[in-house]
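Participant: the sequence and its predicted three-dimensional model are supplied below.
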Amino acid sequence: MCRLTRLRPVKTVFFLLLITLLLSVQACTTYEILNTAAISESNFKQHAQTKQDKHLTVTAAILTSQEAIDVFGLPIKLVGMQAIWIEVENRDKHPYWLLYPALDPDYFSPDEVAYAFRGAMSDENLNTTMQQLRKLSFNNPVHPGEKKSGFVFVNLDEDSKQVEIELLGHQKLTTFSFFFSVHSLNYLSLFDIENSHHEEKLEVDEKMLKQALEQLPCCTTSEDGKKQGDPLNLVLIGNAEGLFKAFVRRGWHPAEKNYLESARRTIYSFLLGSHYRYSPVSPLYAFGRKQDVALQKARGTIHQRQHLRLWLTPYLYQGKGVWIGQVSRDIGVRFTRQSAFLVTHKIDPDIDEARNELIQEMLFSRGLQKIGYVRGIPASTPESPAYNLTGDPYFNDGLRAVLQLSARPVQLTDVRFFNWIYSTRPGARHLSDSYNNEKQ
């Protein structure tokens with residue numbers, strides 16, 4: 001017999017409907033956990049990645065939602081969880097401990113995973129599931145000469161995931177970094193855009209780059225190009241791999257296209273005040289087309305996030321693509337008649353803050369190689385702001401940041417500046433006319 005636990009009071013009827021749907025899927029299901037022999041034959045090992053050094057060999061794989069059901073008998077995706085399989089071979093003479101918080105500071109224990117499905121289990125079945133998940137989990141330490149494997153349960157990522165495996169040994173810490181592209185969402189990735197633009201690019205040197213960037217459009221526009229929107233306050237230089245790694249390290253995710261499922265999830269997050277990592281962004285236009293890629297970093301709720309729209313330009317610098325973008329911070333949601341959905345995000349009017357915050361994000365991602373600033377946006381002030389397409393005011397110092405990113409880690413002390421005058425004044429605030437007109 002199945003039993004359903006009593007639900008606590010919730011904020012909205014929609015939450016009750018969602019829980020009902022989840023339980024209807026789970027209810028009265030008999031969960032059967034595979035044994036170790038069956039796991040060794042599972043498909044997830046076919047897309048595993050392996051890295052090694054002198055003393056350690058580490059293999060990792062992220063299970064798809066179906067593979068998780070095949071292995072654990074549990075639809076862990078429905079409760080926002082994901083399983084990482086890790087195998088460690090220790091050829092050292094000292095033991096090593098896997099540091100779980102490096103994989104996810106908010107990782108889940110085996111019992112926590114089982115307990116998430118308590119509403120569809122008897123007490124006996126729940127206890128059995130807990131015991132079996134404990135056996136399948138990765139257990140420390142890995143002794144000298146031992147090869148050990150198991151699962152760690154982390155928060156669900158549906159696009160791309162960086163997996164940092166840190167192993168603590170005798171007076172040393174060894175780190176192995178893996179990148180996995182899950183790509184189960186409805187969106188175009190940086191790699192998709194890079195591969196789809198086949199037009200001939202113009203290679204520019206540093207001086208030509210500055211001139212070209214200052215001549216690019218100042219702002220986004222409406223679809224017909226007649227109205228100006230948010231300013232294009234950021235330039236990124238790098239291939240898709242370099243950009244991808246730098247953003248994934250700092251918890252940025254792609255925004256889904258506007259379609260029925262994403263709309264449902266957006267409304268659900270809006271009503272409950274939860275966060276939705278992949279919430280769509282409205283289209284803005286540059287070069288006669290809407291953004292090529294939209295990225296965002298979710299915060300506490302869907303009302304608060306940082307978001308970035310990018311367009312690939314016709315330029316190359318040192319063989320790498322040049323992308324122009326618009327970054328701003330959402331600080332709330334408001335009603336408006338200027339949106340087809342009657343609601344829109346309220347942006348932080350100090351858009352320089354979002355731009356400068358992103359610079360620091362890229363510094364701490366160890367992906368920033370070179371930085372500079374160029375003109376290209378009409379400066380505005382809090383007393384005399386500009387306005388975007390939905391009527392939000394904003395002010396800025398008139399500069400767009402230029403960040404050259406690298407796929408290889410860069411130490412903070414190795415970051416360099418472009419040989420431009422504004423690079424000596426990063427983050428200058430609301431420049432005077434005399435400074436804006438200063439000779440280069």
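Facilitator: All right, it came through fine.
Participant: what about residue 306, distance to residue 252?
Facilitator: 8 Å (CB to CB, to the nearest Å). To be clear about C-beta, it is placed using only N, CA and C from the backbone, and glycine gets the same treatment.
Participant: so residue 204 sits against residue 314, correct?
Facilitator: No - the criterion here is CB atoms under 8 Å, and residue 204 misses it with residue 314 at 10.0 Å.
Participant: out of these two, which sits in the busier spot?
Facilitator: Each of residue 204 and residue 314 has its neighbours counted (other CB atoms under 10 Å); residue 204 has more, 17 against 14.
Participant: where does the stretch 251-400 of the chain dip in pLDDT?
Facilitator: 255-281, 298-305, 331-346 (pLDDT under 70).
Participant: what do residue 306 and residue 252 both touch?
Facilitator: 296-297 (CB atoms under 8 Å, 6 or more residues apart in numbering).
Participant: who's in contact with residue 55?
Facilitator: By CB under 8 Å, 6+ apart, the residues touching residue 55 are 90-92, 169, 174.
Participant: out of these, who's the most crowded?
Facilitator: Most surrounded of those: other CB under 10 Å gives residue 90, at 22 neighbours.
Participant: quick one: residues contacting it.
Facilitator: 55-56, 96, 142-148.
Participant: please name the nearest non-neighbouring residue to it.
Facilitator: residue 142 (4.6 Å; CB to CB, 6 or more residues apart in numbering).
Participant: if we can go back for a sec, which members of the contacts of residue 90 are the farthest-apart pair?
Facilitator: 55 and 148 (14.4 Å; CB to CB).
Participant: where's residue 246, which helix or strand?
Facilitator: Following DSSP states H and E, one finds residue 246 within helix 240-249.
Participant: paired strands for the helix or strand following that helix, with orientation please.
Facilitator: Using DSSP H and E, the helix or strand that follows helix 240-249 towards the C-terminus is strand 253-254. Paired with strand 253-254 in the same sheet, following DSSP bridges, are strand 293-298 (antiparallel).
Participant: output the contacting helices and strands for the very next helix or strand once past the partner strand.
Facilitator: Counting by DSSP H and E, the next helix or strand C-terminal to strand 293-298 is strand 305-317. Helices and strands touching strand 305-317, by 3 or more CB pairs under 8 Å, 6 or more residues apart in numbering; DSSP states H and E, are helix 190-196, strand 202-204, helix 206-215, strand 234-237, strand 293-298, strand 320-335, helix 351-364.
Participant: change it to 6 Å
Facilitator: strand 202-204, strand 293-298, strand 320-335 (3 or more CB pairs under 6 Å, 6 or more residues apart in numbering; DSSP states H and E).
Participant: show me how far that strand is from its chain's centre.
Facilitator: Mean-position distance between strand 305-317 and its chain equals 16 Å (CA atoms, centre = their mean, to the nearest Å).
Participant: can you pull the buried residues of it?
Facilitator: Neighbour counts over strand 305-317 (16 or more other CB atoms under 10 Å) mark 305-313, 315-317 as buried.
Participant: go on, stretch 315-327?
Facilitator: Buried positions in stretch 315-327, judged by neighbour count with 16+ other CB under 10 Å: 315-317, 320-327.
Participant: let me have those residues in a markdown table, extended by distance to residue 291.
Facilitator: Converted to a markdown table, the buried residues of stretch 315-327 look like this (distance: CB to CB, whole Å):
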| residue | distance to residue 291 |
| --- | --- |
| 315 | 18 |
| 316 | 20 |
| 317 | 21 |
| 320 | 20 |
| 321 | 15 |
| 322 | 15 |
| 323 | 10 |
| 324 | 10 |
| 325 | 8 |
| 326 | 8 |
| 327 | 12 |
